[in-house]
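A.B. asks: for reference, the sequence and a predicted model appear below.
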Amino acid sequence: MNPMKCVDAAWKAHEAELMRFIAARLPDREEARDLLQEVFLRALRQPDALCGVENPRAWLFQVARNLLIDRFRLQRQQLPLDEDWPAAEIPEVPPVDRLADCLPRVLGELAEADREAIRLCDIEGLSQQEFAQRQGLSLAAAKSRVQRARRRLRARLVQACQVRFDGEGQVCCFVPRPPLLPRD
């Protein structure tokens, strides 16, 4: 169907109802007409001009609601802040807590067995006893597997995220790494 015909059909069917909806929310009739015209312009700018829209009425009303919200936001009275007003203090997050940003990528670089041990015991909170039972291992073997996985994770974090420690052995800084992009 011709895109202009789609807009024309939707507009003829819903223009009066849209105008009532907008006029009920705006005191100035001319402002309501301007907003109605903006809804029409947005419909024309649609790539398929409402031909591909399943429910043109709902789409038109959603555009009208969004335009009303934008208009109300612009009209909201803004109060200037006193220059002496103190800025909100944002608590500093310790570097070791921010290191969690590196975790997803580094975990993805570990061997599957190490990833599974870390995920189950350290992320999901499974006890090492439960991990041993689930994996068919003795408790001692499960503890060893988890400890080795933690050591490998730590070494990989230090290397991949360039973790540095302060004089007390605490994480002082690191270089965040973005997550790997999914493969197609």
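C.D. replies: Alright, I've got the coordinates.
A.B. asks: next SSE after the helix or strand of the chain with the lowest mean pLDDT?
C.D. replies: Each helix and strand of the chain was given a mean pLDDT (mean pLDDT, DSSP states H and E); the minimum falls on helix 95-98 at a mean of 72. In the C-terminal direction, the helix or strand that comes right after helix 95-98 (DSSP states H and E) is helix 103-109.
A.B. asks: re earlier: figure out how far the least confident helix or strand of the chain is from the centre of its chain.
C.D. replies: Here the centre of mass of C-alpha atoms in helix 95-98, compared against the chain's by Cα atoms, centre = their mean, to the nearest Å, lies 21 Å away.
A.B. asks: could I have the CA atoms of that helix written out in PDB?
C.D. replies: C-alpha atoms of helix 95-98 as PDB (Å, rounded to 0.1, in the frame of the first residue of the first chain):
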ATOM      1  CA  PRO A  95      39.200  -0.400  43.200                       C
ATOM      2  CA  VAL A  96      38.800  -4.000  44.300                       C
ATOM      3  CA  ASP A  97      35.000  -3.600  44.000                       C
ATOM      4  CA  ARG A  98      35.300  -2.000  40.500                       C
END
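A.B. asks: which strands and helices lie in contact with that helix?
C.D. replies: Helices and strands touching helix 95-98, by 3 or more Cβ pairs under 8 Å, 6 or more residues apart in numbering; DSSP states H and E, are strand 171-173. From N, CA and C alone the C-beta is placed, and that goes for glycine too.
A.B. asks: give the pairing partners of the strand it packs on; include direction for each.
C.D. replies: strand 164-165 (antiparallel) (DSSP bridges).
A.B. asks: buried residues, the least confident helix or strand of the chain. List them.
C.D. replies: Buried residues in helix 95-98, counted by 16 or more other Cβ atoms under 10 Å: P95.
A.B. asks: can you name the residues in contact with that helix?
C.D. replies: 170-174, 176 (Cβ atoms under 8 Å, 6 or more residues apart in numbering).
A.B. asks: I am finished for the moment; much appreciated.
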